[in-house]
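*Asks:* Turn this into a structure:
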Amino acid sequence: MIRTISILYMLLCLFGCNSNETKSSPFGRCISCHTMKIDENHSFKCTSCHQGNDTAKTKENAHIDLIDHPAHPKEIARTCMPCHQEISAEAPQSMHFTLKNSTNLFRKAFGATADIDSFTDTPTVVTPSTPLELGDDLLRRRCFKCHLYDSGQAYPSTSHGQGCAACHVTIVNSKLADHVFHAPTDAQCLSCHYGNYVGFDYYGRFEHDFNVEYRTPYTTNNDHFRPFGVEYHQLNPDIHQKKGLSCIDCHSGNELMRQGQKTSCTGCHDVRALKVQLPPRVSQEGNSYILTTHSGKKHPIPTLLHPAHTDYNETVSCQACHAQWSFEDKGKHFLRIDTDELDSFSALPVQGNYEIEKLLTNNFDYEKDELPIEMTDSLTGKRSAGIWLKGYITRRWENVSLGRDAQGKIAVVRPTLDYTLSWIDANETVQIDAVQSQTKKEGLRPYIPHTTGNAGVFYQSRLQQFLKLEQQAKNKLSSQPVTPEQ
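*Replies:* Next comes the predicted model:
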């Protein structure tokens, strides 16, 4: 049940702050200024989580030692753990809290020799002298915009809460909509999984190129006509999305926050796997298997009947045949520029980054005072010299690239680590010039595009073409002369 603090009660409190009713309220004098929906499971004193002083008569005294974000990762042990002990202990080590896999992959591509336990351990570097230090500055000031220590960007659909609140409360235009804790919705997932990353593709979205000519005639003069900070091509959504499944109907909290078993296609669609263990929310009814979504809708699960699933089961991943399209952003270039000579980028103000867009749009308007060429560290909130601009060589989706995963299966791959970094300082001196990641040439990595559809009649030609090219590469390698050791 949800309890709504009525406007009448608020008015009584506003005009009677010393009344016994206000003092006896579980919310104290907080409701004199703050009104919102409270769910019954969290209907206790505001100060239990936010601290502060709920008996003070002034805002200044009430907000002494106030904690704005009590669900922040640093506060979870105090606020959430008393009631949610198990998940509060396990979640901070999960991939959504640490981002350590993606962070370590990137850092190793630029020379790191040891892993870090969390993205928060990424070193702070003001004046880089090595490619790794420049990469660390890129991570902290450009890449770390989607994490649970921060409230996201200021675009309407990319703002979210911090810590547990990032997924379990509703944020609208960077403001808390209510105090109702609920299961994550797709809106919460997409507040981080937007742009050309897994999640956006589930809805059939592919981000536009940055150049201004690719935006017209789709632009308007309204504020925030890009809810995710980018415009996008509308491609074919994933079949599961078309059927009405939300992200958490497949990806459970056990997987996301407790590092439990990862969701797999065969876990739901292969009868052999279903006979061993039923996934969450899946039940058997006679000879059929049924998925009941969080919304209560029942979906019969199609099982693997086509002979191809037997022929290719151990050698080909599901998406190698079933991916309708995939992300193919090639040649990713990042430039740190400390000078105010930005005219060359006048056609690139929309970068999927609110801070950069605001700065460039302002500074390209010669009637406005220029903003300093600075960018914010996502972890400390401190600003330092230089902004990070982003560009690509190509951005396509039509041809699904294939490769081999760690198990040797044919899988969909994408150019994940083909980065090039540069830095021009405030004196317009090139300090680091087009340094490439150590994995640039072999930067293709397996991933699972969320663009599932029918394999159609062309899946065999897709596989045959890959095998042909793979064999040609092997033949070329074997024909090269071997250089004897010195």
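*Asks:* what's the neighbour count on the nearest residue to residue 112 once chain neighbours are set aside?
*Replies:* Ranked by Cβ to Cβ, 6 or more residues apart in numbering and with sequence neighbours excluded, the top spatial neighbour of residue 112 is residue 132, at 5.8 Å. Heads up, the C-betas are built off the backbone N, CA and C, glycines and all. Neighbour count of residue 132, defined by other Cβ atoms under 10 Å: 21.
*Asks:* contacting residues around residue 132?
*Replies:* 107, 110-112 (Cβ atoms under 8 Å, 6 or more residues apart in numbering).
*Asks:* Secondary structure element holding residue 132?
*Replies:* Using DSSP states H and E, residue 132 sits within helix 131-138.
*Asks:* Let's see that helix as PDB, backbone CA atoms only.
*Replies:* Below are the C-alpha coordinates for helix 131-138, written out as PDB (Å, rounded to 0.1, in the frame of the first residue of the first chain):
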ATOM      1  CA  PRO A 131      48.800   6.700 -22.300                       C
ATOM      2  CA  LEU A 132      47.500   4.900 -19.200                       C
ATOM      3  CA  GLU A 133      47.300   8.200 -17.300                       C
ATOM      4  CA  LEU A 134      45.600   9.900 -20.100                       C
ATOM      5  CA  GLY A 135      43.200   6.900 -20.300                       C
ATOM      6  CA  ASP A 136      42.500   7.200 -16.600                       C
ATOM      7  CA  ASP A 137      41.600  10.900 -17.000                       C
ATOM      8  CA  LEU A 138      39.200   9.900 -19.800                       C
END
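*Asks:* What mean pLDDT does whichever helix or strand comes after it get?
*Replies:* Under the assignment DSSP H and E, the closest C-terminal helix or strand after helix 131-138 is helix 165-168. Helix 165-168 shows a mean pLDDT of 93.
*Asks:* what comes up buried for helix 165-168?
*Replies:* Buried residues in helix 165-168, counted by 16 or more other Cβ atoms under 10 Å: 165-168.
*Asks:* If you count contacts, what does that helix end up packed against?
*Replies:* Contact analysis of helix 165-168 by 3 or more Cβ pairs under 8 Å, 6 or more residues apart in numbering; DSSP states H and E lists helix 186-190 as its packing neighbours.
*Asks:* which residues are contacting the helix it packs on?
*Replies:* Residues outside helix 186-190 that contact it (Cβ under 8 Å, 6+ apart) are 157, 160, 166-168, 170, 199-200, 203, 228, 246-248.
*Asks:* The nearest residue to residue 257 once chain neighbours are set aside: neighbouring residues, count only.
*Replies:* Of all residues beyond its chain neighbours, the one nearest residue 257 is residue 91 (4.5 Å), with distances taken as Cβ to Cβ, 6+ apart. Taking other Cβ under 10 Å as the neighbour definition, residue 91 ends up with a count of 22.
*Asks:* I'd assumed residue 168 was in contact with residue 91.
*Replies:* No: the pair formed by residue 91 and residue 168 falls short of the contact definition of Cβ atoms under 8 Å, at 11.2 Å.
*Asks:* Contacts for stretch 425-432, please.
*Replies:* Around stretch 425-432, the neighbours that count as contacts under Cβ under 8 Å, 6+ apart are 128, 131, 134, 338-339, 341, 373, 385-386, 421-424.
*Asks:* Go again with 7 Å.
*Replies:* Under the contact criterion Cβ atoms under 7 Å, 6 or more residues apart in numbering, stretch 425-432 has outside partners 128, 131, 134, 338-339, 341, 385, 421-424.
*Asks:* ditto for stretch 255-274
*Replies:* Outside stretch 255-274, the residues that reach it (Cβ under 7 Å, 6+ apart) are 87, 90-91, 93-94, 96, 250-251, 254, 279, 282, 289, 291, 301-304, 318.
*Asks:* Just the pLDDT for residue 62.
*Replies:* So, for residue 62, pLDDT stands at 92.
*Asks:* and the gap between it and residue 165?
*Replies:* As for residue 62, its distance to residue 165 is 21 Å (criterion: Cβ to Cβ, to the nearest Å).
*Asks:* what residues are up against the residue nearest to residue 323 when sequence neighbours are not counted?
*Replies:* Setting aside the residues directly before and after it, residue 323 is nearest to residue 449 in space (Cβ to Cβ, 6+ apart), at 4.6 Å. Contacts here follow Cβ under 7 Å, 6+ apart; on that basis residue 449 touches 201, 319, 323, 326-327, 412.
*Asks:* I'd like those residues written out as JSON lines, with distance to residue 27 added.
*Replies:* Compiled in JSON lines, the contacts of residue 449 are given as follows (distance: Cβ to Cβ, whole Å):
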{"residue": "201", "distance to residue 27": "43"}
{"residue": "319", "distance to residue 27": "50"}
{"residue": "323", "distance to residue 27": "51"}
{"residue": "326", "distance to residue 27": "50"}
{"residue": "327", "distance to residue 27": "47"}
{"residue": "412", "distance to residue 27": "51"}
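*Asks:* from these, which two are the most distant?
*Replies:* The distance between the two most remote of these (Cβ to Cβ) is 12.3 Å, for 319 and 327.
*Asks:* Keep only those of the contacts of stretch 425-432 that are in strands.
*Replies:* When DSSP state E is applied, these are split such that 385, 421-424 fall in strands.
*Asks:* want to try TSV for these, with neighbour count, distance to residue 258 and pLDDT as columns?
*Replies:* Written out in TSV, the entries for the ones in strands among the contacts of stretch 425-432 read as follows (neighbours: other Cβ atoms under 10 Å; distance: Cβ to Cβ, whole Å; pLDDT from 0 to 100):
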residue	neighbour count	distance to residue 258	pLDDT
385	16	41	96
421	24	35	97
422	17	41	97
423	24	40	97
424	18	45	97
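*Asks:* Going by distance to residue 435, which of these wins?
*Replies:* Lowest distance from residue 435 to the ones in strands among the contacts of stretch 425-432 (Cβ to Cβ) belongs to residue 421, with 5.3 Å.
*Asks:* My guess is the closest one contacts residue 136. True?
*Replies:* No: proximity of residue 421 to residue 136 does not meet the contact threshold set by Cβ atoms under 7 Å, at 10.7 Å.
*Asks:* ok, back up a step: now tabulate the ones in strands among the contacts of stretch 425-432 in TSV and tack on distance to residue 209.
*Replies:* Formatted as TSV, the entries for the ones in strands among the contacts of stretch 425-432 read as follows, by distance: Cβ to Cβ, whole Å:
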residue	distance to residue 209
385	28
421	21
422	20
423	24
424	23
